[in-house]
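Enquirer: have a look; sequence and predicted model below, questions after that.
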Amino acid sequence: MKRIAVMTSGGDAPGMNAAVRAVARAGLDRDVEVYGIRQAYQGLLAGDMALLSSREVSGILQRGGTVLQTARNEEFKTPQGQRKGKRRLNENGIEGVIVIGGDGSLRGALALHNMGVPAVGIPASIDNDIWGTDTSIGVDTALNTILDAVDRLRDTATSHNRAFVVEVMGRDCGYLAVMAGILGGAEIVVTPENGVTMNEIAVSLEDAYIRGKTHAIAVLAEGAPYQGPELAHYLEQKHIGFEIRLTILGHTQRGGSPTAFDRLLATRMGVYAVDLLLAGETGMMVARVGREQVPVPLAESTAKTRLITPEYFNLARILSR
Ligand code: F6P
């Protein structure tokens, strides 16, 4: 291969830039031109791509977001859109593609592979919901951002004898919520998976009040069966002792400079992805298993759902006493 391309797709995640830089520099080292496709599949369909020189990826290692930008695109989900994407790659002499992104983005990489375009995926999503890999680019940074917020909220909660409902991201997966619960010392965690009711939360927070705690935190995943405002309103009506406040962390969780862990993960995955592509190992996702990078078929990783280990739910429960 003499020319490959890289794109970042789906929700941005801190560390995507470090991965783009690693792909570009590995290309340089292996004597392969690396093109950057702007705005993911939307840019692919528009033929919006250009050579990434080593200098162009200078100074981006520590930056959050993605310099290639990202976009959600419906057209590429159709067979016609996928054929158009393949044509655009051919027109630009691109022989292989690296897609950095979450579940939906990796499905796009699989579609390219199935059409005969060599493609490799790199998992990047703060949700940590991608099957086959221990973790994805952005998870560690987002979790640290959440913990910073939870620590600050506890300071003010204690000063006022308040309970905080903290809503964190995670549309389909409560990983960030459960980890924030364990590591941020929450009284209770609600995720799409654990089916905790609003009444159970009220009982748990009231119990904390009766036991003399000066603060209480309930972490709620965005994909839980009820939203933060509804829960906060419910708790207020219940008069559990604490005054109630609500904080929705929202997209603050997606921004910011990647942690050392995410920079290293992204760097290793980027170089590994280039080597997989050059070795002809197409249709693969780079997975982190233990301390190593391993290839996992995209057909498998995109077909299965990553589950949160039950140990974490258990830890969150034990440590909330
Ligand atoms: O998949 C990452 C994620 O941050 C989810 O946790 C969240 O539900 C979603 O993206 C938000 O998407 P958008 O940025 O399009 O609002």
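Expert: Good, I have the coordinates. Numbers count the residues shown, from 1 in each chain.
Enquirer: got the domain boundaries for this structure?
Expert: For the chain, automatic domain parsing gives the domain ranges 3-138+258-301, 141-254.
Enquirer: can you lay out those domains as TSV showing mean pLDDT?
Expert: Listed next are these as TSV, based on pLDDT from 0 to 100:
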stretch	mean pLDDT
domain 3-138+258-301	98
domain 141-254	97
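Enquirer: Ile318 is nearest to which of the ones you listed?
Expert: domain 141-254 (9.3 Å; C-beta to C-beta). To be clear about C-beta, it is placed using only N, CA and C from the backbone, and glycine gets the same treatment.
Enquirer: ends of that closest one, what's the gap?
Expert: Terminal residues of domain 141-254 lie 8 Å apart, using C-alpha to C-alpha, to the nearest Å.
Enquirer: residues touching the closest residue to Cys173 other than its chain neighbours, list them.
Expert: Nearest non-adjacent residue to Cys173, counting by C-beta to C-beta, 6 or more residues apart in numbering: Asp129, 3.7 Å away. Contacts for Asp129 were tallied using C-beta atoms under 8 Å, 6 or more residues apart in numbering; they are 102-103, 170, 172-173, 175, 305-306.
Enquirer: next, work out how far apart Arg72 and Leu153 are.
Expert: 31 Å (C-beta to C-beta, to the nearest Å).
Enquirer: and those two? which has more neighbours close in?
Expert: For Arg72 versus Leu153, neighbours defined as other C-beta atoms under 10 Å are more numerous around Leu153 (20 against 14).
Enquirer: related to what we said a few turns ago, for Asn314, find the nearest of the domains of the chain.
Expert: Here domain 141-254 is closest among these (C-beta to C-beta), at 9.8 Å.
Enquirer: now find how far off-centre stretch 181-193 is within its chain.
Expert: 18 Å (C-alpha atoms, centre = their mean, to the nearest Å).
Enquirer: anything in that stretch near the ligand?
Expert: No: residues of stretch 181-193 are not located near the ligand by C-beta under 6 Å from any ligand atom, the shortest gap being 10.9 Å.
Enquirer: using CSV, write down the CA coordinates of that stretch.
Expert: Extracted C-alpha coordinates of stretch 181-193, given in CSV (Å, rounded to 0.1, in the frame of the first residue of the first chain):
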residue,chain,number,x,y,z
GLY,A,181,-20.1,6.1,41.7
ILE,A,182,-17.3,3.8,43.0
LEU,A,183,-14.4,6.3,42.5
GLY,A,184,-16.4,9.4,43.5
GLY,A,185,-17.9,7.9,46.6
ALA,A,186,-21.6,8.1,45.6
GLU,A,187,-24.4,6.8,47.8
ILE,A,188,-26.2,5.3,44.8
VAL,A,189,-25.8,4.7,41.1
VAL,A,190,-28.5,4.4,38.4
THR,A,191,-27.7,3.0,35.0
PRO,A,192,-29.7,1.6,32.1
GLU,A,193,-28.7,-1.8,33.3
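Enquirer: what helix or strand is Met7 on?
Expert: Assigned by DSSP states H and E, Met7 falls within strand 3-8.
Enquirer: with Thr267 instead?
Expert: helix 260-278.
Enquirer: and for Leu231?
Expert: helix 228-238.
Enquirer: so is that helix next to the ligand?
Expert: No: judged by C-beta under 6 Å from any ligand atom, helix 228-238 stays clear of the ligand, getting no closer than 13.4 Å.
Enquirer: Val67 and Ala18 touch, don't they?
Expert: No: judged on C-beta atoms under 8 Å, Val67 makes no contact with Ala18 at a distance of 10.8 Å.
Enquirer: looking at those two, which is more packed in?
Expert: The neighbour count for Val67 versus Ala18, taken as other C-beta under 10 Å, is higher for Ala18 (25 against 17).
Enquirer: spell out which parts of the stretch 51-200 of the chain neighbour the ligand.
Expert: 102, 125-127, 169-171.
Enquirer: you'd agree Gly184 is up against Val219?
Expert: Yes: using C-beta under 8 Å, Gly184 is in contact with Val219, at 7.0 Å.
Enquirer: now do the shared contacts for the two.
Expert: Common neighbours of Gly184 and Val219 (C-beta under 8 Å, 6+ apart) are Val150.
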